[in-house]
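Q: please find the sequence and the predicted model below.
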Amino acid sequence: MDLELTEEQQIIRTTIRKFAREELAPVAEELDIAEEFPWKIFKRIAELGLLGMILPPEYGGSGSDELSLAIAIEEIA
Amino acid sequence: MSSRWLLPLRKLPRLALLLLIYWTARIQFGAPISQYQAIAWKVADMATEIEAARFLYYNAAYLADRGKPFSKHAAMAKLYASELAMKASTWGIQIFGGYGYMMEYPMQRYFRDAKLTEIYEGTSEVQRIVISRAVLG
């Protein structure tokens, strides 16, 4: 079992971490209080290709592996 | 599209929430934490368990990526991370004291989110059914 992340997985981690810090963290609390679904952010997440990450490209996904998805969601948290 | 692809997706947010709780605790108590050993040791315990939860999930994802059976591993990761999220956030509320309970402070949200992880997308009881069936055959 190889515990090193691939270059692609490292890029995903860096990109998502930046996105979460700059665009999610500042508004998270007010969104919870407002009880509104953040469509704007949802569209940004779609632009980043996160919604269909592990779906195959022929269905419009990015064809990433499960581990990349795990890393991406961990960073969003 | 088989549900094989969706299974680990459902397991993911628990670990995510768990980490969120951990970082909050760390930021809130960053400076004074080393002065109180009762708190410092608890942080060490939580950090250790979070690392264990992360690798449970990584392992499930690793198996899934190689087309190997992973239901048991995914269920274990989900169960462990969810219950750890509850442990960590319950402890977090205690450390915050009254502020932990108040809506004006973030701790109550982490606690609510943590409790939800034991319920949605397969309750902890369901995970135990999956694990016990895999173990007992």
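A: Great, that's in hand.

Q: tell me if stretch B:115-129 is near chain A.
A: No: Stretch B:115-129 is not in contact with chain A by C-beta under 8 Å from any C-beta of the partner chain; minimum separation 10.9 Å. Just so you know, the C-beta spots here come from the backbone N, C-alpha and C atoms, and that holds for glycine as well.

Q: so where is chain B shaky, pLDDT-wise?
A: For chain B, the stretches with pLDDT under 70 are B:1-36.

Q: can you give me the helices in it?
A: For chain B, helices defined by DSSP state H occupy the ranges B:6-28, B:37-65, B:71-96, B:98-101, B:107-117, B:124-136.

Q: any idea how many residues pack against A:L5?
A: Using other C-beta atoms under 10 Å in any protein chain shown, A:L5 has 15 neighbouring residues.

Q: look up phi and psi at it.
A: Phi and psi for A:L5, reported as degrees, to the nearest 10, are phi -80, psi 150.

Q: what residues does it make contact with?
A: Taking C-beta atoms under 8 Å, 6 or more residues apart in numbering or on different chains, we find A:L5 in contact with A:R13, A:L67, A:I71.

Q: ok, back up a step: dump the helices of chain B to CSV, plus mean neighbour count.
A: As requested, the helices of chain B are exported to CSV (neighbours: other C-beta atoms under 10 Å in any protein chain shown):
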stretch, mean neighbour count
helix B:6-28, 21
helix B:37-65, 17
helix B:71-96, 22
helix B:98-101, 13
helix B:107-117, 19
helix B:124-136, 13
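
Q: now those as TSV including distance to A:E30?
A: Compiled in TSV, the helices of chain B are given as follows (distance: least, C-beta to C-beta, whole Å):
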stretch	distance to A:E30
helix B:6-28	17
helix B:37-65	27
helix B:71-96	20
helix B:98-101	19
helix B:107-117	12
helix B:124-136	31
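
Q: give me the distance between the residue most central in space within chain B and A:A72.
A: With distances taken as C-alpha atoms, centre = their mean, the residue of chain B nearest its centroid is B:A81 (2.9 Å). Going from B:A81 to A:A72 by C-beta to C-beta, to the nearest Å gives 16 Å.
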